[in-house]
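In: sequence plus predicted model, see below.
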Amino acid sequence: MTNDDIRIKIMELIVPFNKKNIELKPETTFAVDLDLDSLSVMDLVAEIEDLFDIIIPLNLLPDLETIQQVSDAVEKIMGDA
Amino acid sequence: MSADLFDKFQGIIDQVARLPQDATNPFTVKMDKVFSQTEAEIDGKRILLAGTNNYMGMTFDQNALDAAHKALDEFGTGTTGSRVLNGTYSAHRDLEDSLKDFFNTKFAMVFSTGYLANLGILSTLAGKDDYIIIDADSHASIYDGCAMGNANIVRFRHNDAADLEKRLNRLPADAGKLVVVESIYSMLGDKAPLKELAEVTKAAGAMFVVDEAHSMGFYGETGGGVTQEEGIEDMVDFIIGTFSKSVGTVGGYCVSNHPKFEVLRLVSRPYMFTASLPASAMASAKSALATLKAGSNLKAALWDNANRLHAGLKEAGFKIATDKAESPIIAVCLEDAETTAMAWSELLAAGVYVNMAIPPATPQGLNLLRCSVCAVHTSEQIDTIIAAFKMVKEKLKL
């Protein structure tokens, strides 16, 4: 799966969390652009984990601010497995 | 000029400013007198307390009061020291012995609060390359204990043993793993499927921590919590708890049978670097533990009260977080934060104090009026709480 494939799938998961209906771009941020609180971010992470059958430890989250950063992290975790 | 570090709190400051700035503000309400376990004076009025964690009514238990008075006179107001340096009295060791007896374990450690017990155990036990797997609805002290340490933190869906199993299976087989759950969750008062969670945890070779803060004293034959109720003591590696609920004072603890448990006294920073509990708090805790273990009609009275309140509020048409009373916590779910704040104020004006809990402090974005009952509430007092809720429902058209 390419990084683009991963990002597209993640964007599909974000749709129900996109309450403000903003346009999703690689540089869209979770906290500011999507206005997600920490609990919503963790719920979204759980869905991403299940889709790719991986673990994204919560302690990585402070460094994952944008959709692209999450896509890169998922690609790396899948590559390491 | 550098940025004002308080700018990031402006949203909260604005939100609080919109609340009434008097006694009906849930964030500034204070109790000026406490008449008993169930009544206090707030803003000059006698108020019925239906939102404490004083489940077993131990705060005014006569034996606990006598023991605390005696210890206060004999040992003074405080230890002025930490457990490892100059703050361990015989009272601390006596209380640890009482805990071992209460939970039938080989080891016990007393912390200065329940919050510190979670910080002290979780941040220390799991290190770099280890994993802590926590329930999504965990208390802040569990999240903070995770944040304080260096382990990888994994979260599973609330009370979902199958989801826990799925996530455990994704972890490296040889990594150290610590699964952390609560037996009763403090906001909704819901009970965990503890046996299923324990079985999944043990199948994965992980250690199991159960926080029994909101179950100790009234679950299990001698008050040992849901662990005892379900007879799974052999599968629980650590029980963490508090003296600030059913025990009626302050302090936290962890009990275990792990043969190397004692080393934690020398490596757990939240144990080592804070002041130890005053002798008076420990003396009352020890007395209350004995009372809880001996058993009495308090346990049955507590469940009667919880069932009565749950049934009464349900009959009145309120949505309650649990289908039946699973604990003394009965959480009423309302539409939004504003309605919840208004209902909270109306209840207080009607002489009933409950807890207002709104996101992000609540799971699933729920807006709650969290009630909790005490073993020494009379059935008339429970009926008064129900009547106040009915009145507020009518007045606010809930």
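Out: Perfect, thanks for sending it. Numbers count the residues shown, from 1 in each chain, chains lettered A, B, ... in the order given.

In: could you use CA atoms for every contact and neighbour count after this?
Out: Fine.

In: who are the contact partners of residue 57?
Out: No chain specified, so I'll use chain A. Residue A:57 is in contact with B:152-154, counting by CA atoms under 8 Å, 6 or more residues apart in numbering or on different chains.

In: switch to chain B, that's the one I care about
Out: Counting by CA under 8 Å, 6+ apart, residue B:57 touches B:37, B:246, B:248, B:374-376.

In: do the same with residue B:10
Out: Contacts of residue B:10 (CA under 8 Å, 6+ apart): none.

In: and it, how far from residue B:17?
Out: 10 Å (CA to CA, to the nearest Å).

In: buried among the contacts of residue B:57? Need that as a selection in PyMOL.
Out: The buried residues among the contacts of residue B:57 can be selected in PyMOL (16 or more other CA atoms under 10 Å in any protein chain shown) with this line:
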select buried, chain B and resi 37+246+248+374+375+376
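
In: and the helix or strand hosting residue A:50, what does it pack against?
Out: Using DSSP states H and E, residue A:50 falls within helix A:38-52. Helix A:38-52 sits against helix A:3-14, with contacts defined as 3 or more CA pairs under 8 Å, 6 or more residues apart in numbering or on different chains; DSSP states H and E.

In: quickly list what residue B:368 is bridged to.
Out: Counting by DSSP bridges, residue B:368 forms beta bridges with residue B:333, residue B:357.

In: quick one: neighbours of it, just the number.
Out: 28 (other CA atoms under 10 Å in any protein chain shown).

In: which residues are in contact with it?
Out: If you count contacts by CA under 8 Å, 6+ apart, residue B:368 has them with B:331-334, B:340, B:355-358, B:362.

In: the same query, at a cut-off of 6 Å, please.
Out: B:332-333, B:356-357 (CA atoms under 6 Å, 6 or more residues apart in numbering or on different chains).

In: any idea which of those is closest to chain A?
Out: residue B:357 (15.4 Å; CA to the nearest CA).

In: what pLDDT does residue B:22 get?
Out: At residue B:22, the model reports a pLDDT of 69.

In: same deal with residue A:81?
Out: Note for residue A:81: predicted pLDDT of 66.

In: interface residues of chain A facing chain B?
Out: A:57-58 (CA under 6 Å from any CA of the partner chain).

In: which secondary structure element is home to the residue sitting nearest the centre point of chain A?
Out: What sits nearest the mean C-alpha location of chain A, by CA atoms, centre = their mean, is residue A:70, with 4.6 Å. If you go by DSSP H and E, residue A:70 is part of helix A:67-80.

In: what's next to that helix, contact-wise?
Out: By CA under 6 Å, 6+ apart, helix A:67-80 touches A:6-7, A:26, A:28, A:64.

In: which one of those residues is nearest residue B:32?
Out: For the contacts of helix A:67-80, the residue nearest residue B:32 by CA to CA is residue A:64; the value is 46.7 Å.

In: how many neighbours does residue B:14 have?
Out: By the criterion of other CA under 10 Å, residue B:14 has 10 neighbours.

In: how about residue B:36?
Out: Neighbour count for residue B:36, taken as other CA under 10 Å: 14.

In: for the spatially closest residue to it that is not a sequence neighbour, give its distance to residue B:222.
Out: Spatial nearest neighbour of residue B:36, chain neighbours left out: residue B:60 (6.7 Å); criterion: CA to CA, 6 or more residues apart in numbering or on different chains. According to CA to CA, residue B:60 and residue B:222 sit 21 Å apart.

In: the two: which is more packed in?
Out: residue B:222 (19 against 16).

In: the more buried one contacts residue B:291, doesn't it?
Out: No. Assessed by CA atoms under 6 Å, residue B:222 is found out of contact with residue B:291, at 10.0 Å.

In: how about low-confidence regions in chain A?
Out: A:81 (pLDDT under 70).

In: let's see it at 90
Out: Filtered on pLDDT under 90, chain A yields the residue ranges A:1, A:37-40, A:79-81.

In: same check, this time on chain B
Out: B:1-2, B:8, B:11-12, B:15-29, B:295-296, B:337-338, B:359-361, B:363-365, B:398.

In: tell me which residue lies nearest the centroid of it.
Out: residue B:213 (4.3 Å).

In: name the member of the contacts of residue A:57 with the most neighbours.
Out: Counting neighbours by other CA under 10 Å, residue B:154 comes out on top of those with 24 neighbours.

In: immediately after whichever helix or strand that one is part of, which helix or strand?
Out: Assigned by DSSP H and E, residue B:154 falls within strand B:152-156. Once the chain leaves strand B:152-156, the next helix or strand it forms, by DSSP H and E, is helix B:161-169.

In: partner strands of the next helix or strand after that following helix, parallel or antiparallel?
Out: Once helix B:161-169 ends, the next helix or strand along the chain (criterion: DSSP H and E) is strand B:177-182. Strand pairing for strand B:177-182, determined by DSSP bridges: strand B:131-135 (parallel), strand B:207-211 (parallel).

In: quick one, strands of the stretch 201-350 of chain B?
Out: B:207-211, B:238-242, B:252-256, B:319-320, B:329-334 (DSSP state E, counting those that start in this stretch).

In: in JSON lines, list those along with distance to residue B:78.
Out: Rendered in JSON lines, the data for the strands of the stretch 201-350 of chain B read as follows (distance: least, CA to CA, whole Å):
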{"stretch": "strand B:207-211", "distance to residue B:78": "27"}
{"stretch": "strand B:238-242", "distance to residue B:78": "19"}
{"stretch": "strand B:252-256", "distance to residue B:78": "17"}
{"stretch": "strand B:319-320", "distance to residue B:78": "42"}
{"stretch": "strand B:329-334", "distance to residue B:78": "33"}
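
In: and residue B:181, how many neighbours?
Out: 26.

In: ok, now which ones touch it?
Out: With contact set as CA under 6 Å, 6+ apart, residue B:181 has these partners: B:135, B:210.

In: from residue B:285, how far out is it?
Out: Distance from residue B:181 to residue B:285, counting by CA to CA: 24 Å.

In: same deal with residue B:242?
Out: Relative to residue B:285, residue B:242 is positioned 10 Å away (CA to CA).

In: for residue B:289, which non-adjacent residue is spatially closest?
Out: Using CA to CA, 6+ apart, the nearest residue to residue B:289 is residue B:247, at 6.6 Å.

In: how about the one you found, what does it touch?
Out: B:58, B:285, B:288.

In: sounds good, over and out.
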